[in-house]
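# Next one to model:
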Amino acid sequence: MTDVRAPETDPFDAAAEPDDPSRPGPASPAGGGFGLVGWLKWAWRQLTSMRIALVLLFLLALGSVPGSMLPQQGNNPSGVQQYLASHPALAPWLNHLGLFNVFGAPWFAAIYLLLFVSLVGCVVPRTFRLAGSARTLPPRAPRHLARLPRSAEYATALPPAEAVEVAAGVLAGHGFRLRRADSAAPDPAGPDPAEAGTWVSAEKGYLREAGNLLFHLALLGVLVSVALGGLFGYKADRLLVQGTTFADTASALDEFHPGRLVSAADLGPFTITLNRFDASYIASGSQRGQPAAFDAQIGYTEQPGGPARTGHLEVNRPLSIDGAKVYLIGHGYAPQFTVTDARGQVVYDAPTPFIAGTTGNFMSEGVVKVPDARPEQLGFTGVFVPTAVDVGGTLESVFPAADNPVVSLIAYAGNLGTNDGVSQSVYQLDTSGMQRLTTSPQVLQPGQSLKLPGGQGTITFTGYVPWVSLAITHDPGQLPALICGIAALGGLLLSFMIRRRRVFVRARSGENGTTVQVGGLARTDASGGFEAEFASLAAELRAACQQGRHPQREGE
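Below is the predicted model of the structure:
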């Protein structure tokens, strides 16, 4: 067996078109005088090149980074407002660049669309080329097989035509596609037309190009799936207090972010009731206070008048209802208050959700607005402390569970401003038209009451109930994106693991019998696997010729 150096040029290039061939630009003499049409053709060729597709893919990934680092208007509008207030110098510039709404920014959409067009222009021509190459037979065997990267030579007593036929049977048994010499036409590589039938070409590894194409098609499918979700999907949030029910309507949702082609009429007609919520925490050790388990027991109906069902919501275990998925993304406490006004009438009796701050252990802040109180409207700002401990005259929560719940309240009376036509947040109290009734925060335990000065009324802290935050999403492109992602991974594995290789066999008669030459080459062989494969094939061909039998005929 004889091995020689690899040739300077790739022998596959003659039979396969390169992915990104050199193309003349507008300033190239080969292009001649370029008008508008010429410039458009040049721009299209550049856009659909693999180089530009990779650049656009990198830009798309780079542009997504701010969307994961900065709060976004779509899913965290309060975080955006807080960032604007905390960074008055930098935030306006970031907002001007659209970095608080990255995935809806015009520049991100431009990159996305250009990448989509680039992939379409790149993949479609490759599809036709692959379809053509799948039907193409291997090339004719070269005249000098010893010049190929891998070569071997041996002698046999079989005539040249029979030796080649035996070799063809061996190669066919290994799954190679064959091309035999045309006995009706002389072989231009052979010295004698009488030896026209003494060679065979074999090729294997067509799935490598199929894997490459599958990767590009799958990547295109991912982009289409994302666009499908952006057009026909929606996201919504709802804070739900234990014991209450909401319907999936735009007016009942706290936040609703529809896709481009989604309206309020496209929401599913389901209802959800939070029957019970349980949260447990680690009580000791270095991880004390860390959550151990969350469980929301819910009841729901998929349509008005439909059968009532029950279910459980846990973290990362959503509930699927009418094509939408309901996720449990947060929870907190809603202190219950009963308020009587100066007339002695109960004007407020409901749980009020308080939002946990940054101090930890679910120390939460909230407000109570009582617009029906008379003679003046009443308002309260408060802090709910689940496990209260007095630390130097200041209340702090030392554990997230409500083991020693208290509330600290400040009372106001006056005009809440709810009738001025200006929308207000339910978690903020506008005190510009109100007077403060209590000089210092008043601490109440469950069952205790605070009598307001001047006979303005009474507020009683009757207890608390938990609340949960639900995220409702409908994304029709999620499953197609997953399938395309798996297909892209499969395509990459095919293109990396499969080698395109060719094996040629020539047989010539001489004074001492028949000489058989075997040559082989692989398009890519970075791992060196083709060397062992060729050595095994050459040894098998030699053995088959020495036995003088066709391998496939033995099993017949």
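# where in this protein is pLDDT low?
1-34, 74-78, 182-197, 421-422, 524-528, 548-556 (pLDDT under 70).
# can you tell me the distance between the two ends of stretch 520-533?
Taking C-alpha to C-alpha, to the nearest Å, stretch 520-533 runs 10 Å from one end to the other.
# ok, now stretch 519-538?
Rule used - C-alpha to C-alpha; the end-to-end distance of stretch 519-538 is 9 Å.
# ok, now stretch 231-244?
End residues of stretch 231-244 are separated by 32 Å (C-alpha to C-alpha).
# what's whichever helix or strand Gly169 is part of packed up against?
According to DSSP states H and E, Gly169 maps onto helix 160-173. In terms of contacts (3 or more C-beta pairs under 8 Å, 6 or more residues apart in numbering; DSSP states H and E), helix 160-173 is packed against strand 177-180, strand 199-204, strand 501-510, strand 513-522, helix 529-547, helix 551-554. In this view, the C-beta of every residue, glycine as well, is placed from N, C-alpha and C.
# again, only this time at 6 Å
strand 199-204, strand 501-510, strand 513-522, helix 529-547, helix 551-554 (3 or more C-beta pairs under 6 Å, 6 or more residues apart in numbering; DSSP states H and E).
# Pipe those into TSV and attach distance to Trp42 and mean neighbour count per row.
Below are the helices and strands packed on helix 160-173 laid out as TSV (distance: least, C-beta to C-beta, whole Å; neighbours: other C-beta atoms under 10 Å):
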stretch	distance to Trp42	mean neighbour count
strand 199-204	35	24
strand 501-510	36	23
strand 513-522	35	22
helix 529-547	39	17
helix 551-554	53	13
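# Now render these as TSV, adding distance to Leu409.
Below are the helices and strands packed on helix 160-173 laid out as TSV (distance: least, C-beta to C-beta, whole Å):
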stretch	distance to Leu409
strand 199-204	80
strand 501-510	80
strand 513-522	79
helix 529-547	76
helix 551-554	92
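# The ones you listed: which one's closest to Gln336?
helix 529-547 (71.8 Å; C-beta to C-beta).
# need the contact list for Ala308.
299, 301 (C-beta atoms under 6 Å, 6 or more residues apart in numbering).
# Could you check how far it is from Thr271?
9 Å (C-beta to C-beta, to the nearest Å).
# Now for the two: what residues contact both?
Contacts common to Ala308 and Thr271, judged by C-beta under 6 Å, 6+ apart, are Thr301.
# Show me the strands in the stretch 101-250 of the chain, by range?
Per DSSP state E, counting those that start in this stretch, the stretch 101-250 of the chain carries strands over the ranges 150-156, 177-180, 199-204, 234-241, 245-247.
# Most tightly packed of those strands?
Of all those, strand 199-204 has the most neighbours on average by mean count of other C-beta atoms under 10 Å, namely a mean of 24.
# Pull the CA coordinates from it and hand them back as PDB.
Below are the C-alpha coordinates for strand 199-204, written out as PDB (Å, rounded to 0.1, in the frame of the first residue of the first chain):
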ATOM      1  CA  TRP A 199     -12.500   1.200 -13.700                       C
ATOM      2  CA  VAL A 200     -15.200   2.000 -11.100                       C
ATOM      3  CA  SER A 201     -15.800   5.200  -9.100                       C
ATOM      4  CA  ALA A 202     -17.500   5.100  -5.700                       C
ATOM      5  CA  GLU A 203     -18.700   8.000  -3.500                       C
ATOM      6  CA  LYS A 204     -20.200   8.100   0.000                       C
END
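# Now do that strand: which elements does it pack against?
Against strand 199-204 (3+ C-beta pairs under 6 Å, 6+ apart) you get helix 160-173, strand 177-180, strand 501-510.
# any chance of the ones you listed in TSV, plus distance to Leu231?
TSV is the format used below for these (distance: least, C-beta to C-beta, whole Å):
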stretch	distance to Leu231
helix 160-173	50
strand 177-180	44
strand 501-510	45
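# nearest to Ala283, of the ones you listed?
Nearest to Ala283 among these is strand 501-510; the distance by C-beta to C-beta comes to 64.3 Å.
# Report the inter-axis angle for that closest one versus helix 160-173.
Interaxial angle, strand 501-510 versus helix 160-173 (axes from the mean of the first three to the mean of the last three C-alpha atoms, to 10 degrees): 160 degrees.
# Not counting its own residues, what contacts strand 501-510?
141, 145, 160, 163-164, 167, 198-205, 514-522, 530.
# relative orientation of it and strand 150-156 in degrees?
Using the same axes, to 10 degrees: strand 501-510 against strand 150-156 is 30 degrees.
# What strands flank strand 501-510, and is each parallel or antiparallel?
strand 199-204 (antiparallel), strand 513-522 (antiparallel) (DSSP bridges).
# nearest to Lys325, of those?
strand 199-204 (45.6 Å).
# quick check, distance from that closest one to the centre of its chain.
Distance of strand 199-204 from its chain centroid, counting by C-alpha atoms, centre = their mean, to the nearest Å, is 43 Å.
# And for stretch 199-219?
Counting by C-alpha atoms, centre = their mean, stretch 199-219 comes out at 27 Å from the chain centroid.
# So what touches it?
Residues contacting stretch 199-219 (C-beta under 6 Å, 6+ apart): 123, 126, 130, 138, 141, 164, 167-168, 171, 175-181, 484, 487-488, 491-492, 494-495, 498-506.
# Same check on stretch 48-63?
19-20, 46, 108, 111, 114-115, 118-119, 121-122.
# Please apply the same query to stretch 436-445.
406-413, 450, 452-453, 461.
# Report how many residues lie close to Ser118.
For Ser118, the tally of surrounding residues (other C-beta atoms under 10 Å) stands at 24.
# what's it in contact with, if anything?
47-48, 52-53, 56.
# which non-adjacent residue is nearest it?
Ala53 (4.5 Å; C-beta to C-beta, 6 or more residues apart in numbering).
# The one you found and Cys122, how far apart?
Remark: distance between Ala53 and Cys122 (C-beta to C-beta) = 6 Å.
# same thing with Ala373?
Counting by C-beta to C-beta - Ala373 and Cys122 are separated by 68 Å.
# Please, which helix or strand holds the nearest residue to Pro466 once chain neighbours are set aside?
Distance criterion C-beta to C-beta, 6+ apart; nearest residue to Pro466, sequence neighbours excluded, is Phe277 at 4.3 Å. Assigned by DSSP H and E, Phe277 falls within strand 271-281.
# Quick check: buried residues in that strand?
Neighbour counts over strand 271-281 (16 or more other C-beta atoms under 10 Å) mark 271-274, 277, 279, 281 as buried.
# For this structure, which segments are assigned as helices?
36-47, 50-69, 77-86, 91-96, 106-134, 160-173, 207-232, 478-497, 529-547, 551-554 (DSSP state H).
# I'd like those written out as CSV, with distance to His257 added.
Conversion of the helices of the chain to CSV gives the following (distance: least, C-beta to C-beta, whole Å):
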stretch, distance to His257
helix 36-47, 32
helix 50-69, 14
helix 77-86, 10
helix 91-96, 18
helix 106-134, 16
helix 160-173, 60
helix 207-232, 11
helix 478-497, 16
helix 529-547, 51
helix 551-554, 64
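# among the ones you listed, which is the most enclosed?
By mean count of other C-beta under 10 Å, those have helix 160-173 as the most buried, with a mean of 22.
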